[in-house]
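1. Provided below are the primary sequence and the corresponding predicted coordinates.
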Amino acid sequence: MFWLLSSLFLLASSGNAASNHKAVLKSQLQAQIECKQYLQFVGGACEERCKLLVLRSWNDSTGVVGLPLSRHYPAIYVNDKSIVRTNNCLQCNLREIPQCDSCVRASISLNCFDRSYGSAFPSPQLVPLPDLLHLNVIRQCAQMLQISPRELAVYGSSEFLLNQKASCLMRCIMIREGLYDDVRGPNNDRLYVQCGGYGTSEEDFKRKSQQCVDRLKTTCLDNCTLVARITKECYPPGAGLLDLILSLLSILGLSLPLGSLPSLPSLPVTIPTLPTLPTVPTLPTLPTIPTLPTIPTLPTIPTIPTLPTVPTIPTLPTVPTIPTLPTVPTVPSLPV
């Protein structure tokens, strides 16, 4: 059993196109090629049943699953008349086929769809995620956001609106399953297929859900809260993705009754007494500073009178230069 679960989780973790995250898109031709590989060495295996199983459009107990199988045919041929014609074909041709003969029943069912809707077109369509892959996505998002199993149970009981972290978990799940984009919003085509039609017509479903989404976008919510509010308020209750996630949490034992959020742990009754601080000694009184005597006002110094201006001394005339006297000749000495 352990190895079986391990193999299934490895299959759940296998990569898909990055833009679609965990969403799986396949055409009938792709499913047929896969089944030829799976059944190559198995004698007596039926290819049509395998193809419907790959497309998640068959259940051995209840038979063919109309949605998503009808998505593989041109939309112009999928109408009320073709649906009635398909149902009549199934009732008439499966009446005599034993329930245990699932291969024949699957082959007849696929033939009824081909006769009512025409040839399947080759473009890949959404393959609804089974519960095992839903659980894998929930666990991966909880691990990425570091959410414990206890927190996961609490967030589920609040329908992922308890706080920012709870809402971001729902956003991660929606993006991881390829059902939401922050720019384009929810993918209502895929949501309608993933949740089995919500028990209403596709036209009404898309119109009402889009009106709700447009209304919430005008309230300026952050990205995480917007996704959580859209998931809770914009889709019919009882059959939506939120209901599926809550039921899976219940299977895992990670659910609490709605409204029974765990109480916070009580604080200790006795608050420890703080130690008494030592008394600060009183500082001695500073002596009073004596008042300084008043400094008397100094008498006003009388203004010094302006001294009279000293008259300018006239310039003395220049003394003429005395001419040099001629040299007196030396008198010769007289003889004695």
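-> Thanks, I have it. Bear in mind the structure is a predicted one, so any value in this text is a computation, not a measurement.
2. contacts for the helix or strand that residue 36 is a member of?
-> In this structure, residue 36 sits in helix 28-38 according to DSSP states H and E. Contact partners of helix 28-38, identified using C-beta atoms under 8 Å, 6 or more residues apart in numbering, comprise 47, 50, 51, 54, 55, 72, 120, 122, 124. C-betas here are computed from N, CA, C, even on glycine.
3. give the ChimeraX command for selecting the buried subset of those.
-> Buried residues among the contacts of helix 28-38 (16 or more other C-beta atoms under 10 Å), as a ChimeraX selection:
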select :47,50,51,54,55,72,120,124
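4. next step: the contacts of helix 28-38 restricted to helices.
-> Among those, the members falling in helices (DSSP state H) are 47, 50, 51, 54.
5. contacts only, for the first one.
-> Yep, that's residue 47 we're talking about. By C-beta under 8 Å, 6+ apart, the contact set of residue 47 is 32, 35, 36, 39.
6. same question for the third one.
-> Under the criterion of C-beta under 8 Å, 6+ apart, the neighbours of residue 51 are 28, 31, 32, 35, 110.
7. any idea how far it is from residue 236?
-> From residue 51 across to residue 236, the span is 31 Å (C-beta to C-beta, to the nearest Å).
8. list just the nearest of the contacts of residue 47 to residue 218.
-> Lowest distance from residue 218 to the contacts of residue 47 (C-beta to C-beta) belongs to residue 32, with 46.5 Å.
9. pLDDT wise, what is that closest one at?
-> You'll see residue 32 listed with a pLDDT of 93.
10. now for it, how many residues are close by?
-> Counted by other C-beta atoms under 10 Å, the residues lying close to residue 32 total 15.
11. gap between it and residue 80?
-> Applying C-beta to C-beta, the value for residue 32 to residue 80 is 29 Å.
12. where do the helices of the protein begin and end?
-> Ranges of helices in the chain, per DSSP H, are 2-12, 28-38, 47-54, 66-69, 80-94, 102-117, 131-144, 149-157, 164-176, 188-194, 202-217, 223-233, 241-251.
13. from the contact counts, what lies against the shortest one?
-> Put plainly, it is helix 66-69. strand 125-127, helix 188-194 (3 or more C-beta pairs under 8 Å, 6 or more residues apart in numbering; DSSP states H and E).
14. adding mean neighbour count and mean pLDDT, write the ones you listed out as CSV.
-> CSV is the format used below for those (neighbours: other C-beta atoms under 10 Å; pLDDT from 0 to 100):
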stretch, mean neighbour count, mean pLDDT
strand 125-127, 22, 93
helix 188-194, 20, 92
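15. could I get the buried residue list for stretch 75-83?
-> For stretch 75-83, the neighbour count (16+ other C-beta under 10 Å) marks 78, 82 as buried.
16. picking that back up, just put the contacts of helix 28-38 in a markdown table and tack on distance to residue 179 and pLDDT.
-> Shown next, in a markdown table, are the contacts of helix 28-38 (distance: C-beta to C-beta, whole Å; pLDDT from 0 to 100):
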| residue | distance to residue 179 | pLDDT |
| --- | --- | --- |
| 47 | 31 | 93 |
| 50 | 27 | 95 |
| 51 | 25 | 95 |
| 54 | 21 | 95 |
| 55 | 18 | 95 |
| 72 | 20 | 93 |
| 120 | 24 | 90 |
| 122 | 24 | 89 |
| 124 | 16 | 94 |
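17. which one of the contacts of helix 28-38 is nearest residue 207?
-> Here the nearest of the contacts of helix 28-38 to residue 207, counting by C-beta to C-beta, is residue 72; it sits at 24.1 Å.
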